[in-house]
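[1] Take this sequence and fold it.
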Amino acid sequence: MTVRDKGDVRVSPSRRRLLVAAAAAPVLAGAGPGAASAEAAWSQPVRPAPTVESDWSKVAEVLGRAGTMADDSVYRVRFARQDLPVITYGVTLFLGSYAAFARYDDGRTLVMGSMAVTEAELQHATDALHVGGLEVTAVHKHLLAHEPAMWWTHFHGHAEDPLPLARSVSAALAVTTTPSTPSAASQPPVDLDADAIEDTLNAKGVNDSGIYRFTFNRRETITDHGRVLPPATGMTTLLSFYPLGDRRAAVNGDFAVTAGEVRNVLTALRRGGIDIVELHNHGLTEEPRLFFAHFWATGDGVALARALRAAVDATNTGPAA
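    This next block holds a predicted model:
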């Protein structure tokens with residue numbers, strides 16, 4: 001259904017809501033990573049300030065859920081899409097979105113994150129992010145053949161006040177069917193040889209709602225327009241093991257790599273029988289420039305860990321604490 005607007009222009013209800021929001025939304029001064037802002041005057045990169053969860057209570061209120069602290073400075077909020085099981089090669093996955101907030105020594109707040117959206121939601125989510133003053137920095141897939149068709153939209157913005165940033169994220173999520181309240185937490189056992197996988201990767205894994213995850217941080221300091229980006233803003237390699245029974249697993253995730261590491265990482269993955277899904281950017285102007293190599297495979301969990309270890313060893317990373 002459409003509604004008649006001035007000049008007999010037909011505007012959909014969803015589009016009208018975005019236009020109204022645009023008129024009411026506060027301007028996020030310097031919100032995009034390419035915008036001129038105060039950090040240009042700093043001779044050294046501006047570092048994130050230490051914060052605690054209580055510092056972000058109003059952000060949690062806006063988003064309708066609490067986040068968790070990481071790297072002593074990043075407030076990371078997750079939005080699981082329990083409404084949307086995604087099937088790829090017979091494996092059922094539950095995906096999600098996230099927003100990571102960090103306050104800096106100059107008083108400004110940064111938000112970075114990504115949204116997992118259906119193809120039908122993609123354009124509406126993109127419009128909503130732009131209306132809210134956030135910059136879309138990448139749009140791509142993280143999986144090969146899968147149903148329903150999913151896309152990932154990465155975003156970036158900063159402002160003096162974190163609440164407009166949170167409202168912008170909330171408005172973008174509202175044009176999707178992402179549940180407005182978090183699902184009940186559960187930690188089902190992981191049917192994998194976890195000790196052997198950890199030994200192979202020389203890293204500790206985390207049981208994340210039945211998925212065994214490993215995170216590796218870049219050893220360089222990553223900056224974007226004069227701001228240091230902590231790992232938890234998204235500058236990490238993430239390896240996820242989905243148990244399939246009998247200690248078999250599906251693995252996916254992405255490697256955060258520099259241009260000089262791309263060939264060796266992709267070669268190591270293919271030698272290990274792991275499929276390459278995507279090679280792309282998540283941001284626009286970070287230094288050093290990072291690319292993200294997404295992958296997929298199924299098989300014995302330990303054998304897959306050996307293949308992934310060879311790719312990890314081709315990067316300048318170390319296990320996250």
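
[2] Only alpha carbons, please: show the longest strand seen in the chain as CSV.
    Longest strand of the chain, by residue count under DSSP state E: strand 74-88. The C-alpha trace of strand 74-88 is given here as CSV (Å, rounded to 0.1, in the frame of the first residue of the first chain):
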residue,chain,number,x,y,z
VAL,A,74,34.7,-1.6,24.4
TYR,A,75,31.0,-2.1,25.2
ARG,A,76,29.9,-4.8,22.8
VAL,A,77,26.2,-5.5,22.3
ARG,A,78,24.9,-8.5,20.4
PHE,A,79,21.6,-9.1,18.7
ALA,A,80,21.0,-12.8,18.0
ARG,A,81,18.6,-13.6,15.2
GLN,A,82,16.9,-16.4,16.8
ASP,A,83,13.9,-15.6,14.5
LEU,A,84,15.9,-16.7,11.5
PRO,A,85,17.6,-20.1,11.3
VAL,A,86,19.9,-20.1,8.2
ILE,A,87,20.7,-23.4,6.5
THR,A,88,23.9,-23.8,4.5
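
[3] Okay, buried residues for that strand please.
    Buried residues in strand 74-88, counted by 16 or more other CB atoms under 10 Å: Val74, Tyr75, Arg76, Val77, Phe79, Ala80, Arg81, Leu84, Val86, Thr88. No exception for glycine: its C-beta is placed from N, CA and C like everyone else's.

[4] Just flag the most distant two among those residues.
    Tyr75 and Thr88 (30.7 Å; CB to CB).

[5] Would you map the strands across the stretch 201-321 of the chain?
    Here the stretch 201-321 of the chain has its strands, by DSSP state E, counting those that start in this stretch, at 206-208, 211-218, 223-224, 227-228, 236-245, 248-257, 275-280, 286-287, 291-300, 317-319.

[6] Please convert those to TSV, extending it with mean neighbour count, mean pLDDT and distance to Arg108.
    What follows is those, written out as TSV (neighbours: other CB atoms under 10 Å; pLDDT from 0 to 100; distance: least, CB to CB, whole Å):
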stretch	mean neighbour count	mean pLDDT	distance to Arg108
strand 206-208	12	94	31
strand 211-218	20	97	23
strand 223-224	20	96	13
strand 227-228	22	98	8
strand 236-245	20	97	23
strand 248-257	23	98	24
strand 275-280	16	98	28
strand 286-287	18	97	17
strand 291-300	20	98	26
strand 317-319	17	97	28
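
[7] Would you mind giving the ones you listed as JSON lines with distance to Pro45 added?
    Converted to JSON lines, these look like this (distance: least, CB to CB, whole Å):
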{"stretch": "strand 206-208", "distance to Pro45": "29"}
{"stretch": "strand 211-218", "distance to Pro45": "15"}
{"stretch": "strand 223-224", "distance to Pro45": "5"}
{"stretch": "strand 227-228", "distance to Pro45": "5"}
{"stretch": "strand 236-245", "distance to Pro45": "19"}
{"stretch": "strand 248-257", "distance to Pro45": "19"}
{"stretch": "strand 275-280", "distance to Pro45": "25"}
{"stretch": "strand 286-287", "distance to Pro45": "9"}
{"stretch": "strand 291-300", "distance to Pro45": "21"}
{"stretch": "strand 317-319", "distance to Pro45": "20"}
